[in-house]
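Asker: structure here, sequence nowhere to be found:
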């Protein structure tokens, strides 16, 4: 198959995907049984706590907020933690902080791996609970403290946040979704007891863009996805707003003749030596490289979702 034929094949793939999307036939769904159970348990547990830490991914602040969790939490005081900020665009993150603040929501920036933002988050929780703590002191209950709960979708760094806050390994950590499987209480300090909960997604994604964003960061298991197509769509998005970072990472010349996602994917394959017998591109290998390097921040500090005021 010559280069023209390969490009034609990739274009046909793209056209087919666009047709499917138009017909609403492409849906990324992942809602294992343990998530349905976790949703029920969180609904019961929220009654026991004073404040909620909602952990979201700073690269996709909109997609990583579970609307079901929002319903469960209701009016309970909460602190929104934009985690993994080290992988996101700093300016975009600050715009999101201002956005949440404009909605009278407390939001803080965090990089849990480095322990950054943990104190700011716990201080915010204390501030929200100031009246309750003051009343406890008046009644002589100085050691009662506050009860908090941590919620979020899979793979946004909840367990890392807990371990850094507690200054010890109390929650199991992994870079795959679905590591935490049950509720567990963790003592963060003398004044905060924290309930860790499993990551929960919602049963069906009606917005294909948000669904893909979740897949890009690894919230949905790669094993149930077409990673080649996923990487192709990621490249397509990066070409719009982050072309410079993408080309720099894979040493693609600024005057590269083609700028379609499938052509760029071919070029990445050639640059990284992802070739099989006959000089064909190993698209599975290319896809794994692109997805892994995006998730690890090697392509750059990228935020995929802009604030819409």
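Answerer: Good, I have the coordinates. Only a predicted model underlies this, so the values are computations on that prediction, with no experimental measurement involved. Numbers count the residues shown, from 1 in each chain.
Asker: helix, strand or coil for residue 107?
Answerer: strand (DSSP: H, G, I helix; E, B strand; the rest coil).
Asker: and the strands in the protein?
Answerer: Per DSSP state E, the chain carries strands over the ranges 51-57, 78-83, 106-109, 146-151, 184-187, 192-196.
Asker: against which helices or strands is the third one packed?
Answerer: Using 3 or more Cβ pairs under 8 Å, 6 or more residues apart in numbering; DSSP states H and E as the contact definition, the elements that strand 106-109 packs against are strand 78-83, helix 90-102, helix 118-128. For every residue, glycine as well, the C-beta is placed using N, CA and C.
Asker: next, the buried residues of the last one.
Answerer: Taking 16 or more other Cβ atoms under 10 Å as the neighbour-count basis, helix 118-128 is seen to contain the buried residues 118, 121-122, 124-125, 128.
Asker: from the chain's centre, how far out does that helix sit?
Answerer: In terms of Cα atoms, centre = their mean, to the nearest Å, the gap separating the centre of helix 118-128 from the centre of its chain is 22 Å.
Asker: quick one: that helix to strand 78-83, angle?
Answerer: Interaxial angle, helix 118-128 versus strand 78-83 (axes from the mean of the first three to the mean of the last three Cα atoms, to 10 degrees): 170 degrees.
Asker: and the contacts of helix 118-128?
Answerer: Helix 118-128 is contacted from outside by 51, 53, 77, 79, 81, 106, 108-110, 112, 133, 146, 148, 161, 164-165, 188-189, 191-192, using Cβ atoms under 8 Å, 6 or more residues apart in numbering.
Asker: separate out the buried members of those residues.
Answerer: 51, 53, 77, 79, 81, 106, 108-110, 112, 133, 146, 148, 161, 164-165, 188, 191-192.
Asker: sorry, back to before: mean pLDDT for the helices and strands packed on strand 106-109: which is lowest?
Answerer: Mean pLDDT across the helices and strands packed on strand 106-109 is lowest at helix 118-128; the value there is a mean of 94.
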